[in-house]
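In: predicted model follows, preceded by the sequence.
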Amino acid sequence: MFNRRTFMGGMAAGLVGIKWGLRGFFDQVRYVMQGAPGAETIINGKRYLYFGGTGYYGLINNPVMRKAADEALEKYGMHSSTSRGATGYGNTPLYADVEKKTAEYYGVEDSFYIPSGYLANVAGYQALDSVYKIDAVFVDEDSHYSVIDFTPVIGKPVYTFAHRDPEDLKKKLQQHLKPGQKPLVASDGVFPMFAALAPLPAYLEVTEPTEVISGWTTPTRWACSVPMAVAPWITSE
């Protein structure tokens, strides 16, 4: 189990590591990308096939996307320069349009745009806890760091279960969950290193006796034929 205390301890250890290792880190940065990312790019003046990065949909240098970005930049500037909080002054038609179209595409009541998958989990955990009052978090031990890093943010006990193992999840739920408590089960939908799907139907089966709050991406539900009403939370994939 890890909790807020161990999380903060890990952060402190990381800062110490940064203090002593940052100089060595920058000494090893030898590669500079000098072109737009895509199937090919220029690194250190030489053209390479590019298999790195996190532009999974290949849209970063897409001509249509670039044209739309140029038009938005000309009309709205770099940024609204304020948050989308209670005042709403940071809202723009761009946010309203993308959220409306996303909700329509997925057939849901509403959606909310968050600029990165990493931040989606931060917001998601807190939103789910505020609505469902989660008592404990159970997370796949091989989940992406964006899934794991912020599980302590809601201040509830966090337990790991064996990778893609519904029986171990069942055992951990039985060991750590008291009667009437609500768990949050968190996992990658698609594990990026191995392109393996989380066994969502099996997870739902072993958690059926409890009121489980689960976080799954829409492509994962499609692949597993699980309807939105059963696994409602959309995050990044």
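Out: Thanks, I have the structure now.
In: output the below-cut-off pLDDT ranges for the chain.
Out: Along the chain, segments meeting pLDDT under 70 span 1-28, 86, 209-237.
In: strands along that one, start to end?
Out: 40-43, 46-49, 136-140, 158-161, 183-186, 190-191, 196-197, 213-215 (DSSP state E).
In: out of the ones you listed, which is closest to Glu99?
Out: Of all the strands of the chain, strand 213-215 sits nearest to Glu99, with 19.3 Å by CB to CB. Every C-beta, even on glycine, is put in place using the N, C-alpha and C of the backbone.
In: can you pull out the helices in this protein?
Out: Ranges of helices within the chain are 4-27, 63-76, 93-106, 117-132, 145-148, 166-176, 200-206, 218-224, based on DSSP state H.
In: one step back: tell me which of the strands of the chain sits most buried.
Out: Highest mean neighbour count among the strands of the chain (mean count of other CB atoms under 10 Å): strand 183-186, with a mean of 25.
In: kindly state the beta-bridge partners for the closest residue to Ser187 other than its chain neighbours.
Out: Counting by CB to CB, 6 or more residues apart in numbering, Ser187 lies nearest to Asp140, which is 4.0 Å off, once chain neighbours are set aside. For Asp140, the beta-bridge partners under DSSP bridges are Phe161.
In: isn't Asp140 up against Tyr159?
Out: No: using CB atoms under 8 Å, Asp140 is not in contact with Tyr159; the gap is 10.9 Å.
In: state the distance from the residue nearest to Lys171 when sequence neighbours are not counted to Ala127.
Out: In space, and not counting its chain neighbours, Lys171 is closest to Phe161: 7.8 Å by CB to CB, 6+ apart. Applying CB to CB, to the nearest Å, the value for Phe161 to Ala127 is 23 Å.
In: do Lys101 as well
Out: Distance from Lys101 to Ala127, counting by CB to CB: 21 Å.
In: thinking again about what came up before, give the contact list for the residue nearest to Lys171.
Out: Applying CB atoms under 8 Å, 6 or more residues apart in numbering, we find Phe161 in contact with Phe138, Val139, Asp140, Glu141, Asp168, Leu169, Lys171, Lys172.
In: just Pro166 next, same as before
Out: Pro166 touches Pro199, Ala202, Tyr203, Glu205, Val206, counting by CB under 8 Å, 6+ apart.
In: what's the PyMOL line that selects buried ones from those residues?
Out: To isolate the buried members of those in PyMOL, using 16 or more other CB atoms under 10 Å:
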select buried, resi 199+202+203+206
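In: possible to save the contacts of Pro166 as TSV with distance to Arg30?
Out: Listed next are the contacts of Pro166 as TSV, based on distance: CB to CB, whole Å:
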residue	distance to Arg30
Pro199	41
Ala202	45
Tyr203	43
Glu205	50
Val206	48
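In: between the contacts of Pro166, which sits nearest Val153?
Out: Among the contacts of Pro166, Tyr203 lies closest to Val153 (CB to CB), at 22.2 Å.
In: quick check, that closest one in contact with Leu169.
Out: Yes: at 6.3 Å, Tyr203 counts as touching Leu169 under the criterion of CB under 8 Å.
In: overlap in contacts, these two.
Out: Common neighbours of Tyr203 and Leu169, using CB under 8 Å, 6+ apart, are Val185.
In: tell me who's in contact with the residue nearest to Ser187.
Out: Val147, Thr160, Phe161, His163, Arg164, Ala186, Ser187, Asp188, Ala198.
In: Phe112 contacts Ala96, doesn't it?
Out: No: under the criterion of CB under 8 Å, Phe112 makes no contact with Ala96, lying 11.2 Å away.
In: all set, thanks.
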